[in-house]
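Novice: Sequence first, predicted model second:
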Amino acid sequence: MDDLRVHALEGVMLCIPEGYEKLLKIHSSSTEESQVYVISPVHEGPLCLSGLLESAKKKDEILWSSLEQSQLAWLDLSSKLNIRDEIVSSLIRKGFEDMEDILRSVWLLEDISESTLKYFASLTSYYLALIASAYFNSNGITASLIAADKAVRQKSFTRGATFIYGDLIQPKIKVLSHEGESEYTACLCAVNAGGALTFWNNRSLLCTARKKDIPSAKVIERLSFAEATELSFFGAPIVHPHYFIPAQSQGIPIELKFWGDITSKGTIITDKKSVQDRRFPIKAFSVMRDISIINIEGAGMSGIPGISSRLFTALRREGISVILISQASSEYSICFAVPSSQVTMAAACARYEFESELNNHQIGSISAVSNMAILAAVGDVMSGQIGVSGKFFSALAKAGVNISAIAQGSSERNISAVIRECDSLKALSQVHASFFLSAQTMSVGVFGPGNIGGTFLNQIASEKERLQDQFGLDIRIRAIASSSRMLLSEEGIDLSKWRELFEVASQEYDLNKFLAHVGSEYYPHSVLVDCTTSNELASMYSRFLEKFHVITPNKKAATGSYSYYKEMFETCKRTGKRFLYETTVGAGLPVINTLNDLIQTGDEVKKIEGMLSGTLSWLFNRYDGTVPFSQLVLQAKEMGYTEPDPRDDLSGMDVARKTVILAREIGLDVELENLNITSLVPDKLKDASKEEFLSRLSEMDDEIYTKYKEAKDRGEVIRYVGRVDNGKCSVSLESFGANHPFASASGTDNVITFVTSRYVESQPLVIKGPGAGREVTAGGVFADLLRLAIYIGAGIL
Ligand SMILES: NC(=O)C1=CN([C@@H]2O[C@H](COP(=O)(O)OP(=O)(O)OC[C@H]3O[C@@H](n4cnc5c(N)ncnc54)[C@H](O)[C@@H]3O)[C@@H](O)[C@H]2O)C=CC1
Ligand SMILES: N[C@@H](CC=O)C(=O)O
């Protein structure tokens, strides 16, 4: 075995001088003493000879000049390789003389016989072998030529190189293409003489998915014959199984290699069932496009023997190739897939076959749907492993891909789903990532690169690579928009310089363009991160959630009308998209998730009470009358604690919004307008522009000082508190004595207490920590993004 390797080559590989140089390299790097090269004929290009026959048959005068050009092309190939052996050129000339005689008779008879066609084809294989052996000899490698019919009977081959040419041996059942012409002969040679096999193809290496679709797809190292059979059917670069049966039956391993990259390690096909790591049960995914499905439905089919047999016999009679069949166990419907080129014929054939059943309504309808694709998962290790199909289908659901039909062989080696062709790319990339064969990719668009949005982008920039390496999560920020400009990038914005890029390469903001870009079909998961305070964007979330996941620290949507709030969640339920808004209350603190955990585990929330404003907390912690309150407000704004318009904080509106969000979280139907809010903003500044308000801030100083002084004189501190108690919401400015937990809050602390059936009044659940600020809030938004990644299947442990 170790002394012989038989290579199957496509003739086209040797039609240019570089092909011979490659072959020499392959030969020199092989370890076996004898290398046998089976060369298939040339079927296209200037060296192809069958066109001459066509011209002769048509009595086209161009034949004679083409014949001359063809001869020159062959001689030219040989001379470009510096082959000085006169015998080569004289054999080529001799072949052309013989051909001329045959062409003259074709001219007269206006007919081309099968054997003439074969002869012309095999002559190309002979010429290539002749040139190759001369080239090898001139490079000091002993090389010889053997015709295929003789070679398959040889028990051994001489050392060095042997080139097999001519009328190559074909399996009894032939596939309608030129594929596999040299492979079958190569198998026979290897079986007879006991050698290893290498099949060279001109298409690609065999990867976990087609590289063009999934650039990060990896080369498959090993494959069983059964897996190879499944994959070849789905268009992978493997010949039809008929062509490797001799090797399979003798257990001879086949190495699959790519001619375009001869040094890359290829794939080994062996007779051993794959025993790969059970964490990776799928070997490869494949997509077959341009498919149509035909559905036959009718109550009258149920329990009637012979329906399927009649259908498939009729289809076979018409030469229609059925790619997939799926039948409900009720026998109420049969669905099958065919190439779209055959759908009209297939539907007509089925209607003809069941004409009487259609007329007497035993069959209700025979309908066809085109523009479909088949997505197949292949792997021996799937067999008997619980949850593989579940994962496959739930991955498709999470990517929003509808499945029209399903087929799984009882060997459990292949699961196939019929899906819309326009979904095929995102479906493939989702399942490929879900089975950890590539990174789980998210297409992300960010609105509002301000305090929070900008910090979020910086945080992603610093963790992106680690997340990709550690968890296979590929976060692509593909769009950033401010209110007037937007920056789009196909592959993902280089976040190390997003600010500069936004400066120099952004374009005018166009929401529809932004959405179309982020929601591009290729990406299975598109996410919008809204870091603005925009009402307009918030009012569109329900629409966004049809197609995008939405993550936001913006409180406007969750505090809009209760009916809109419900509508968003209804949309999520229907579309499988997620709306994540943890940072709308308590910034980066785990408030909403904690509350949800309580509710989902059956606890009853009786009261929520909290200092919910980081800004007000900080202001009242800092204020002691020495520095004017207005100055502290400007500092809070500078530090990124306040809302874009600090009146939202000072008016109590921000606390009111958070209170409403918490109340709705526990199921209360409350509206923001119904809350009584105590505002710190003087009436005269309520309606001023933001700029004017900021310039007149000092006008609120006296009133604040009075409030502060009154509280201080009582030995108390001022706090702004939101409450949900007994089904009612309220917000108020209050003062608390030194022993109250609210009094001990420092900095931007939020303090939120939950009284529940489990956490009683005397010992409530308390969450405390910074409730405002760029880093903590952006971190919370980032955490929501990772929660979403886990939901869609990223392997974050
Ligand atoms: N600052 C904090 O500590 C916290 C803030 N939040 C929320 O985060 C959000 C952002 O706050 P900041 O970053 O402080 O505000 P910011 O004013 O610094 O940034 C907002 C950004 O949004 C942009 N923008 C406004 N309208 C837009 C639109 N229609 N389309 C695209 N971009 C638009 C602005 O140009 C600006 O770049 C607010 O909703 C706020 O309530 C939530 C929790 C804590
Ligand atoms: N401005 C807000 C920010 C968080 O929501 C606050 O101060 O709490």
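Specialist: Perfect, I can see it now. Bear in mind that the values here come from a model prediction, so they are computed numbers and not experimental data. Ligands and ions are numbered 1, 2, ... in the order given.

Novice: Tell me the secondary structure at the residue nearest the centre of the chain.
Specialist: Residue closest to the average C-alpha location in the chain (CA atoms, centre = their mean): Ser429, at 1.6 Å. Following DSSP: H, G, I helix; E, B strand; the rest coil, the label given to Ser429 is helix.

Novice: next one: Asp213
Specialist: coil.

Novice: Quick check: end-to-end length of stretch 232-241?
Specialist: In stretch 232-241, first residue to last residue: 7 Å (CA to CA, to the nearest Å).

Novice: Same question for stretch 169-184.
Specialist: Stretch 169-184 has an end-to-end distance of 7 Å (CA to CA).

Novice: if we can go back for a sec, got the contact list for the residue nearest to the centre of the chain?
Specialist: Residues in contact with Ser429 (CB atoms under 8 Å, 6 or more residues apart in numbering) are Asp213, Ile214, Ser438, Thr441, Tyr522, Tyr523, Pro524. Placement of C-beta: from N, CA and C, glycine included.

Novice: ok, the third one to ligand 2 distance?
Specialist: Ser438 sits 37 Å away from ligand 2, going by CB to the nearest ligand atom, to the nearest Å.

Novice: Count the residues that sit near whatever residue of the stretch 101-250 of the chain ends up closest to ligand 1.
Specialist: Closest contact between the stretch 101-250 of the chain and ligand 1, by CB to the nearest ligand atom, is at Pro215 (30.9 Å). Burial of Pro215, expressed as a neighbour count using other CB atoms under 10 Å, amounts to 12.

Novice: ditto for Phe754
Specialist: Neighbours of Phe754 under the rule other CB under 10 Å: 24.

Novice: Next: Ile87.
Specialist: For Ile87, the count of nearby residues is 11 (other CB under 10 Å).

Novice: Name the nearest residue to it, ignoring sequence neighbours.
Specialist: Ala134 (7.9 Å; CB to CB, 6 or more residues apart in numbering).

Novice: and the helix or strand hosting that neighbour, what does it pack onto?
Specialist: Taking DSSP states H and E as the definition, Ala134 sits inside helix 114-138. Here helix 114-138 touches helix 17-29, strand 34-39, helix 50-57, helix 62-80, helix 86-109, strand 143-147, strand 160-165, going by 3 or more CB pairs under 8 Å, 6 or more residues apart in numbering; DSSP states H and E.

Novice: Looking at those, which is nearest to ligand 2?
Specialist: Nearest to ligand 2 among the helices and strands packed on helix 114-138 is helix 17-29 (64.2 Å), distances taken as CB to the nearest ligand atom.

Novice: and that closest one with helix 62-80, angle?
Specialist: Relative orientation of helix 17-29 and helix 62-80, computed by axes from the mean of the first three to the mean of the last three CA atoms, to 10 degrees: 40 degrees.

Novice: quick one: contacts of helix 17-29?
Specialist: If you take CB under 8 Å, 6+ apart as the criterion, helix 17-29 is touched by 7, 9, 13-14, 35, 37, 77, 80-81, 131-132, 135-136, 139, 141, 161, 259, 262.

Novice: Ok, stretch 229-237 next?
Specialist: The contact list for stretch 229-237, computed with CB under 8 Å, 6+ apart, reads 201, 203-206, 223, 238-241, 256, 258, 283-284, 286-288, 374, 376, 378, 413-414.

Novice: Mind doing that once more with 7 Å?
Specialist: Contacts of stretch 229-237 with the rest of the structure, by CB atoms under 7 Å, 6 or more residues apart in numbering, involve 201, 203-204, 206, 238-241, 284, 286, 288, 376, 378, 413-414.
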